[in-house]
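Participant: need coordinates for the following:
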Amino acid sequence: MIKLDSLYTFLDLAGTFAFAISGATAAKQRGLDLFGIGAIAFTVACGGGIIRDLCIGAIPPTGLSNWYYLAVAVLAAGLTVGFYPFVQRINQPVALFDALGLALFAVTGAEKTLSYGHNAEVAILLGMTTAVGGGVLRDVLLTRVPIILQTEIYASAALLGAAIVVVGNYVQWVPGDWVSIIGLITCFVVRMLALHYHWNLPVSTTDETGPN
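Facilitator: Numbering: from 1, shown residues only. Below you'll find the predicted structure:
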């Protein structure tokens, strides 16, 4: 079993903070009140981790049992509301913080799944689930089409980051902390490049004319 060290805790809380900002920003843009902004921020920040913990048997989920996560989410939501004019000046604030949270949670999700003794396949899939789960909940609550159901490179970037962590832990080609950092950077860079250059996954084409 892999021991979860201080780097894991730091990355997990950093991901919570980043996702909470993205959720609070999206909620603010939709005109929600302070409670709604806080609720969306917490849901985005901890939703994916709660799903992962339920799947691997980490009961109760850390996002509910550890007050640090609620405190970080509330802090991020408060800072977003208080400094919203500054947040607005950041180019695509929701996309930026969402990409950062995506990368951080892809790594920590895979690491925690491995630490509970699950195999590589489960670790990769739950690493991706940890990364995208909160964003899906945010989009559903804000009545938007979830990003993972669109053509954008989003879940696949998380899948790549989680796979790097899992393969690195099995092969042990570099120290564990460096594997996490490499997976994090790779996921974040791929996501941001996809946004900048409008990379999309291929879509199926259908003949709209129908049969003759």
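
Participant: outside of the helix or strand containing Thr186, which residues touch it?
Facilitator: For Thr186, the element it lies in under DSSP states H and E is helix 176-197. For helix 176-197, the surrounding residues in contact (C-beta atoms under 8 Å, 6 or more residues apart in numbering) are 2, 5, 7-8, 11, 92, 95-96, 99-100, 102-104, 106-107, 110-111, 131, 152-154, 157-158, 160-165, 168-169, 174, 199-200. Any C-beta I mention is one placed from the backbone N, CA and C, and that applies to glycine too.

Participant: how about the helices in the chain?
Facilitator: 6-29, 34-56, 62-65, 67-82, 84-89, 93-115, 120-141, 155-171, 176-197 (DSSP state H).

Participant: just put the ones you listed in JSON lines and tack on mean pLDDT and mean neighbour count.
Facilitator: Listed next are these as JSON lines, based on pLDDT from 0 to 100; neighbours: other C-beta atoms under 10 Å:
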{"stretch": "helix 6-29", "mean pLDDT": "92", "mean neighbour count": "23"}
{"stretch": "helix 34-56", "mean pLDDT": "96", "mean neighbour count": "23"}
{"stretch": "helix 62-65", "mean pLDDT": "95", "mean neighbour count": "17"}
{"stretch": "helix 67-82", "mean pLDDT": "96", "mean neighbour count": "18"}
{"stretch": "helix 84-89", "mean pLDDT": "87", "mean neighbour count": "12"}
{"stretch": "helix 93-115", "mean pLDDT": "93", "mean neighbour count": "27"}
{"stretch": "helix 120-141", "mean pLDDT": "95", "mean neighbour count": "23"}
{"stretch": "helix 155-171", "mean pLDDT": "95", "mean neighbour count": "22"}
{"stretch": "helix 176-197", "mean pLDDT": "92", "mean neighbour count": "18"}
